[in-house]
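[1] generate a structure from the sequence data that follows.
(2 chains)
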There are 2 protein chains.
Amino acid sequence: MSSSDLNKQILALNAFDQRRAGQLDPALADRVRRRQDLFGSASVLFYDQPLEFVRGAGCWLYDADGVAYLDAYNNVPSVGHCHPTVVTAAAQQLARLNVHSRYLHSGVMDYAERLLGTLPAPLSNITFTCTGSESNDLALRLAARFTGADGIIVTETAYHGNTELTGQASPSSLQPGSIAPRVRLVPAPDSYRVPAGELSDYFANAVQEAVLDLGRRGIGVGALLLDSIFSSDGVFADPPGFLRAAVEIVQQAGGLFIADEVQCGFARTGSSLWGFERHGLQPDIVTMGKPMGNGYPIGAVVTRPSILDALREREGYFNTFGGTAGAAAIGNAVLDVIEQEGLMANAQRVGEYLRQHLRELGERDPRIGDVRGAGLFIGVELVDPRDPLQPWGAASTIINAMRERRVLIGAAGRWGNVLKVRPPLCFSNAHADQLVSALRDALDATPSSP
Amino acid sequence: MSSSDLNKQILALNAFDQRRAGQLDPALADRVRRRQDLFGSASVLFYDQPLEFVRGAGCWLYDADGVAYLDAYNNVPSVGHCHPTVVTAAAQQLARLNVHSRYLHSGVMDYAERLLGTLPAPLSNITFTCTGSESNDLALRLAARFTGADGIIVTETAYHGNTELTGQASPSSLQPGSIAPRVRLVPAPDSYRVPAGELSDYFANAVQEAVLDLGRRGIGVGALLLDSIFSSDGVFADPPGFLRAAVEIVQQAGGLFIADEVQCGFARTGSSLWGFERHGLQPDIVTMGKPMGNGYPIGAVVTRPSILDALREREGYFNTFGGTAGAAAIGNAVLDVIEQEGLMANAQRVGEYLRQHLRELGERDPRIGDVRGAGLFIGVELVDPRDPLQPWGAASTIINAMRERRVLIGAAGRWGNVLKVRPPLCFSNAHADQLVSALRDALDATPSSP
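    I've put the predicted structure just below:
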């Protein structure tokens, strides 16, 4: 595969290929064509046979015929699709007041205080946004203004957002060769290929090299921006603490560490509310998005007052839909559900159970090279059974076969060969059993050399 | 005033000044301090005596004591605060399904089709976002990729968003002197100071000069990005058509015209659904935001397929919360209300009535130099009665005096001296009478030379 093919695969792995429209039944083909006409080349549909859902509840999505699909992919409806506590909070607050934050509002302040209470004390100022992209865009600007240095270090298959600036920091959505001069890519901390005892040094050395290079070019290091579960890079979680050395190098060089919690935050990794806590890190900025509002667009940036001041001295920042009374009521309800239903402990327990059963599957199928992750963020690396350090290129086939078995998963990794399992946090052992059974069947139905 | 003072005034005109916290009653001071501690220097509260609302309905906002304030400022709750049709649509869809757009969904396609049906045929692809900032960020990137030219032309007090890229195109939120090399500022088409017969040439000449300068520097013109009601510049609407010459210059030079409809779209200007229609323009890209979801974060970018393709060849674009089933149901309900309640005609009729009565007020008070606008987007320019081309610096005093009279308005313009009247579109003649009466009282209570 050329690097361009690889990149396309990552961008669109598991995506419906318009050139295969002829293979759809006529009714579905019509709907897909209508959609394509409306959204053009920005239209991305999942699956060789795209799905249409009409209803969601808990870990389930239902099509128009009432057929249920087990959702092990979607992390936005993090406390469960259409959770009644969240929906009720939304309906009540949207009916009462939902206006911007230039007026005082108790609900907004209570929510801000509650969130800040979950974070280390120096991080005492919160700015609400609407999306993880807006959060990371603001965070990268804060870092550049505060440090006076534009350099950004990210991992080689990272994704951090869809704005111009966050897009530059998202090599997974760029064609190769279009990396901006201010951005340095470091290899992901590939815990499958690098021994656990060497992983910290491996990653720290790569970051050190990037810091030195940014220094040599007169750019300087403004930010190390990391999603500590390495969602797009292929899910690397262990050993906890392996990120500390790299973060310290950046901070000692005057750069800021931005913990992107869009993927790993809000209890997903099981042992802590925030991904950076698993590694014992001290972020300078924390960014939030996706699961924060269970589907309602909410994001946030949390940092130290002095960092926020550095931006505000030069420019204004206001986010019209950020931190409205509606967003706060919904975000607060999400935290309520996480607490009331013990979803962090559930993520830990069910995640462990699921990894154990996936590993058992791997013992009888050498195409499963690795099962890893934390809580309910799990990666299953598919490898060539003849050379287990090489990717097996059939992830898309497996994902489509899982879809035929009514289980939804995704893929990640630089070769697109890591199955990404990232269900709502109310996932149960029974759901895990169903997923493992579907994966066993999908693997059995897929020849090793397609 | 120094230019720095001017800029601060625009950024924060009408904002609570933390240094005056001692003048608040102790309970309010406590709440303001709590808010300041949480949000830090990004906290912007309106008014010398900040307000706290607990409920909204129609054109009214209510504080905890049930005191009603007439809202003539907020354009996001465009069909009225907490409109029951929109709230019901939200409650129903959020309870049913609210997942990203990589699956098919009838509601999302129906809404996309309905919106596209209101726009000129060549603009046939829509990309949903969550905010006007995300929309303009994407639009500016589309223009740069399609044209191969990075240059951006905006008016000198424009506001187009809060991302890194849109912030560069928003001189109203930047300190003077921090304009990026790729950005050219042109004077706003100041219809108060430039005769109507000269306005088209005046603006076109400025744009022509910017195009030539971008060419000379080897940057080239990628986009002319305009809000056709010039919301931040001070509200310039007439004569319709005065923008055509400038837009044609840019398009003939190979640049794209981006119509920023975040402020003027969705029927606000009364005679048409979109602001660019008033001027008979043919945009290459149309961006939407604020009023689109009546408070729920929705935005969109509409363009020609070839322009979208130019971006997609090089990079991915996906917006997790953009174009969900929930967003579509809510956006659709907003269009329903606009149609069912005849809000476009109402904006036209009540806007005309309000301008007429404001002009009558101006006939007896020379500090009102000009009353202008379209539909329910109205500017009232406050001037020095001894020299009516000079700003009267008391806009903030007047806005606070209006607040004491329980009417909410804002300000705009390069000197911050234009009262910005921009109520929900269900504003009535009776509301207009109340606003005019409050403004009369506020002016009478404010000495000409403070």
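
[2] what helix or strand is the residue nearest to A:P189 when sequence neighbours are not counted on?
    In space, and not counting its chain neighbours, A:P189 is closest to A:F203: 4.3 Å by C-beta to C-beta, 6 or more residues apart in numbering or on different chains. Where C-beta positions appear, they are placed from N, C-alpha and C, glycine not excepted. Element membership for A:F203, per DSSP states H and E: helix A:196-216.

[3] now swap in A:V108 and tell me
    helix A:106-116.

[4] contacting residues for the residue nearest to A:Q175 when sequence neighbours are not counted?
    For A:Q175, ignoring the flanking residues on the chain, the nearest one in space by C-beta to C-beta, 6+ apart is B:R314 at 5.2 Å. Contact partners of B:R314, counting by C-beta atoms under 8 Å, 6 or more residues apart in numbering or on different chains, are A:L174, A:Q175, A:S178, B:R145.

[5] quick one: B:R314 from A:A15, how far?
    17 Å (C-beta to C-beta, to the nearest Å).

[6] check A:R386 too.
    From A:R386 to A:A15 the distance is 28 Å (C-beta to C-beta).

[7] burial check on the closest residue to A:R193 other than its chain neighbours, number of neighbours?
    Leaving aside its sequence neighbours, A:R193 sits nearest to A:L389 (C-beta to C-beta, 6+ apart; 6.2 Å). A total of 9 residues lie near A:L389 under the criterion other C-beta atoms under 10 Å in any protein chain shown.

[8] buried set for the helix or strand hosting A:L389?
    Take DSSP H and E as the rule and A:L389 turns out to sit in strand A:387-391. Buried residues in strand A:387-391, counted by 16 or more other C-beta atoms under 10 Å in any protein chain shown: A:P388, A:P391.

[9] check which helices and strands the helix holding A:V108 sits against.
    Where contact means 3 or more C-beta pairs under 8 Å, 6 or more residues apart in numbering or on different chains; DSSP states H and E, helix A:106-116 is packed against strand A:125-129, strand A:299-303, helix A:325-340, helix B:26-39.

[10] could you report the neighbour count for the residue nearest to A:T118 when sequence neighbours are not counted?
    If the residues on either side of it in the chain are set aside, A:T118 comes closest to A:L273, at 5.3 Å by C-beta to C-beta, 6+ apart. A:L273 sits with 17 neighbouring residues when counted by other C-beta under 10 Å.

[11] what's the answer for A:D444, then?
    10.

[12] next one: A:G151
    As a measure of burial, A:G151 has 27 neighbours, counting by other C-beta under 10 Å.

[13] tell me the predicted confidence for the closest residue to it other than its chain neighbours.
    When the adjacent residues along the chain are set aside, A:G151 lies closest to A:L214, with 3.7 Å between them (C-beta to C-beta, 6+ apart). According to the prediction, A:L214 has pLDDT 98.

[14] same thing with the one 10 residues further on?
    Per-residue confidence for A:L224 comes out at a pLDDT of 98.

[15] name every strand pairing with the helix or strand harbouring it and say which way it goes.
    A:L224 is located in strand A:221-226, with elements delineated by DSSP H and E. Strand A:221-226 has the following strand partners under DSSP bridges: strand A:151-155 (parallel), strand A:256-260 (parallel).

[16] got the contact list for the strand holding A:L389?
    For strand A:387-391, contacts defined as C-beta under 8 Å, 6+ apart pick out A:R193, A:P366, A:G369, A:E381, A:L382, A:V383, A:D384, A:G413, A:W415, A:G416, A:N417.

[17] of the residues you listed, which pair is most distant in space?
    Farthest-apart pair in the contacts of strand A:387-391 is A:P366 and A:G416; separation 19.4 Å (C-beta to C-beta).

[18] neighbour count: these two, which is higher?
    Taking other C-beta under 10 Å, A:P366 and A:G416 do not tie; A:G416 has more neighbours (25 against 14).

[19] is that one in a helix, a strand, or coil?
    coil (DSSP: H, G, I helix; E, B strand; the rest coil).

[20] for it, grab phi and psi.
    Per-residue torsions, A:G416: phi 70, psi 20 (degrees, to the nearest 10).

[21] that one contacts A:T157, doesn't it?
    No. Counting by C-beta atoms under 8 Å, A:G416 stays clear of A:T157, with 9.2 Å between them.

[22] pull out the buried members of the contacts of strand A:387-391.
    A:G369, A:E381, A:L382, A:V383, A:D384, A:G413, A:W415, A:G416, A:N417.

[23] now do the SS call for the residue nearest to A:R96 when sequence neighbours are not counted.
    Counting by C-beta to C-beta, 6+ apart, A:R96 lies nearest to B:R55, which is 5.5 Å off, once chain neighbours are set aside. Using three-state DSSP, the structure places B:R55 in strand.

[24] now do A:A345 against chain B, distance only.
    A:A345 sits at a distance of 26 Å from chain B (criterion: C-beta to the nearest C-beta, to the nearest Å).
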